[in-house]
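Trainee: please work out how this folds:
(2 chains)
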There are 2 protein chains.
Amino acid sequence: MRYSEVTDLKIIPMAEKPTILTQTTVAKSRLFRIEALEIQFSNGELRHYERLARGGSNGAVLVVPMQDRDTVLLIREYSAGTHRYELGLPKGKVDVGESFFEAANRELKEEIGFGAKQLYHLSTFSLAPSYLEHTTEIILAQDLYPEKLLGDEPEELEVVAWQLADINTLLATGECTEARSIAALFMAREYLASLTQ
Amino acid sequence: MRYSEVTDLKIIPMAEKPTILTQTTVAKSRLFRIEALEIQFSNGELRHYERLARGGSNGAVLVVPMQDRDTVLLIREYSAGTHRYELGLPKGKVDVGESFFEAANRELKEEIGFGAKQLYHLSTFSLAPSYLEHTTEIILAQDLYPEKLLGDEPEELEVVAWQLADINTLLATGECTEARSIAALFMAREYLASLTQ
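Mentor: Modelled structure (predicted):
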């Protein structure tokens, strides 16, 4: 680890990890479970937090499908959380017994009609680590071949090809707002550029 | 908008926005509210979704504080959602009656002990738009001056200065996983580079 420490900032030794004293399910729905946590910090301070627990989930994947070295395939999909169409990367939950790579390939086949011969684990993202337990595996997919699987999508998804060099124009459309997609696109661009150096 | 359309992909005309037929609170805790939505798509398809509703929240801010043109200030903070320390950007909820910029400046003073004379709205991020209503305002803070406000932090936060050019090393530490922070750092880097061109 390389920290560029700055003289007028106090660098505090890393504290011991807090202890979860109690952990209680306080609300539950078909898909979600909310936990109340009583946390004790190493300095003795007590705090009460709530978090959305992962529940029975096997995790989630977000896929960066490259049609060629420069072109990424996006989908335009209705998002119920924000009640709007969002332009972003294909994603989905991991099914029971599936690996992250298997889930990534299945989602690709369902959502954009391609499978990938080459899959690479770019990163693991948290979303809002202060109140969500959820994490997402970010998978770069290359060497695509046409294969369509029938998913449970309520309407056919629009597939939009975009030049990876041009993320700024994509952001300026206002249609791509999801932090996971934006971070994954930048990371994929950096990773692919590092290969050609 | 500039779409690089690719010949072997079908581009489907954008569908009419789905209609929310029913919207019911199915679970509630101190901080969270879960809604069940019955959605009808323009093709007649019906789907049932659940989402975490924003509840009484006034929104949230994530701040990119630049100590100088090249150096960003990060904090290492305990995250109850993932039960680990996370290295990332200062953030917090917007209080009643506060603007996004006021909230950003207050959070800076509480979390890193600096205010900012220059604040710029970089973007608005969604987190997981398929099941979260939440969005976060991304604020670039420049021209910092020392000012400490007492927050409700359970322990003193460690402030870590980092070279913005070196996001890849930061990601390689495994300590910075939050998609919002990662996307905001890349966007700030692009924006600042565009100013010097």
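Trainee: any stretches of chain A with poor pLDDT?
Mentor: Applying pLDDT under 70 to chain A flags the ranges A:1-14, A:197.
Trainee: quick check: domain ranges of it?
Mentor: According to automatic domain parsing, chain A comprises the domains A:19-53, A:60-195.
Trainee: in the sheet, who's paired with the most centrally placed residue in chain A?
Mentor: Centroid check for chain A by CA atoms, centre = their mean gives A:T136 as the closest residue, at 3.9 Å. Going by DSSP bridges, A:T136 is paired in beta bridges with A:A60, A:F125.
Trainee: residues touching it, list them.
Mentor: Neighbour list for A:T136: A:G59, A:A60, A:V61, A:L62, A:K91, A:T124, A:F125, A:L127, A:R180, B:A179 [criterion: CB atoms under 8 Å, 6 or more residues apart in numbering or on different chains]. For the C-beta atoms, the positions are set from N, CA and C on the backbone; glycine is no exception.
Trainee: skip the chain neighbours and tell me the closest residue to A:L87.
Mentor: Leaving aside its sequence neighbours, A:L87 sits nearest to A:E175 (CB to CB, 6 or more residues apart in numbering or on different chains; 4.0 Å).
Trainee: quick one: contacts for the one you found?
Mentor: A:E175 neighbours (CB under 8 Å, 6+ apart): A:R76, A:Y85, A:E86, A:L87, B:M1.
Trainee: and the first one, how many neighbours does it have?
Mentor: Spelled out, it's A:R76. 18 (other CB atoms under 10 Å in any protein chain shown).
Trainee: how close does the residue lying closest to it once chain neighbours are set aside sit to B:A193?
Mentor: Distances taken as CB to CB, 6+ apart place A:E158 nearest to A:R76, at 4.2 Å, with adjacent residues excluded. Per CB to CB, to the nearest Å, A:E158 is found 32 Å from B:A193.
Trainee: so how far is the helix or strand hosting A:R180 off the chain centroid?
Mentor: Here A:R180, judged by DSSP states H and E, is contained in helix A:179-195. Computed by CA atoms, centre = their mean, to the nearest Å, the separation of helix A:179-195 from the middle of its chain amounts to 12 Å.
Trainee: packing partners of it?
Mentor: Helix A:179-195 sits against strand A:60-68, strand A:71-79, strand A:114-126, strand A:135-146, helix A:167-172, strand B:114-126, helix B:167-172, helix B:179-195, with contacts defined as 3 or more CB pairs under 8 Å, 6 or more residues apart in numbering or on different chains; DSSP states H and E.
Trainee: looking at those, spot the one closest to B:L150.
Mentor: Closest of those to B:L150 is strand B:114-126, at 14.1 Å (criterion: CB to CB).
Trainee: quick one: contacts of that closest one?
Mentor: Contacts for strand B:114-126 (CB under 8 Å, 6+ apart): A:79, A:81-82, A:86, A:171, A:177-179, A:182, B:62, B:64-65, B:73, B:100-101, B:104-105, B:108-109, B:132, B:134-147, B:180, B:183-184, B:187-188, B:191.
Trainee: need the contacts of A:E175 in TSV with secondary structure and distance to A:Q23, can you?
Mentor: Shown next, in TSV, are the contacts of A:E175 (DSSP: H, G, I helix; E, B strand; the rest coil; distance: CB to CB, whole Å):
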residue	secondary structure	distance to A:Q23
A:R76	strand	39
A:Y85	strand	37
A:E86	strand	33
A:L87	strand	38
B:M1	coil	47
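Trainee: between those, which sits nearest B:D95?
Mentor: For the contacts of A:E175, the nearest to B:D95 is A:E86 (28.3 Å; CB to CB).
Trainee: residue contacts, the closest one?
Mentor: For A:E86, the contact set (CB under 8 Å, 6+ apart) comprises A:R76, A:E77, A:Y78, A:S79, A:E175, A:C176, A:T177, A:E178, B:S126, B:P129.
Trainee: for it, give the beta-bridge partners.
Mentor: Beta-bridge partners, per DSSP bridges, of A:E86: A:E77.
Trainee: closest to B:Q40 out of the contacts of A:T136?
Mentor: Taking CB to CB as the measure, B:Q40 lies nearest A:K91 of the contacts of A:T136, at 23.2 Å.
Trainee: what's the burial count for the closest residue to A:S42 other than its chain neighbours?
Mentor: Once flanking residues are discounted, A:S42 sits nearest to A:E16: 3.9 Å by CB to CB, 6+ apart. A:E16 has 9 neighbours, counted by other CB under 10 Å.
Trainee: circling back to that earlier point, looking at A:E158 and B:A193, which is more packed in?
Mentor: Higher neighbour count among A:E158 and B:A193: A:E158, with 19 against 11, using other CB under 10 Å.
Trainee: might one say that the more buried one is in contact with A:I75?
Mentor: Yes. A:E158 is within contact range of A:I75, at 6.6 Å (criterion: CB atoms under 8 Å).
Trainee: what residues are up against the nearest residue to A:P129 once chain neighbours are set aside?
Mentor: Spatially, and ignoring its direct neighbours in sequence, A:P129 is nearest to B:S79 (3.5 Å; CB to CB, 6+ apart). Contact partners of B:S79, counting by CB under 8 Å, 6+ apart, are A:S126, A:P129, A:S130, B:Y85, B:E86.
Trainee: please redo it, this time with the cut-off set to 6 Å
Mentor: A:P129, A:S130, B:E86 (CB atoms under 6 Å, 6 or more residues apart in numbering or on different chains).
Trainee: what about the first one, which SS state?
Mentor: In three-state terms, and counting by DSSP: H, G, I helix; E, B strand; the rest coil, A:P129 is coil.
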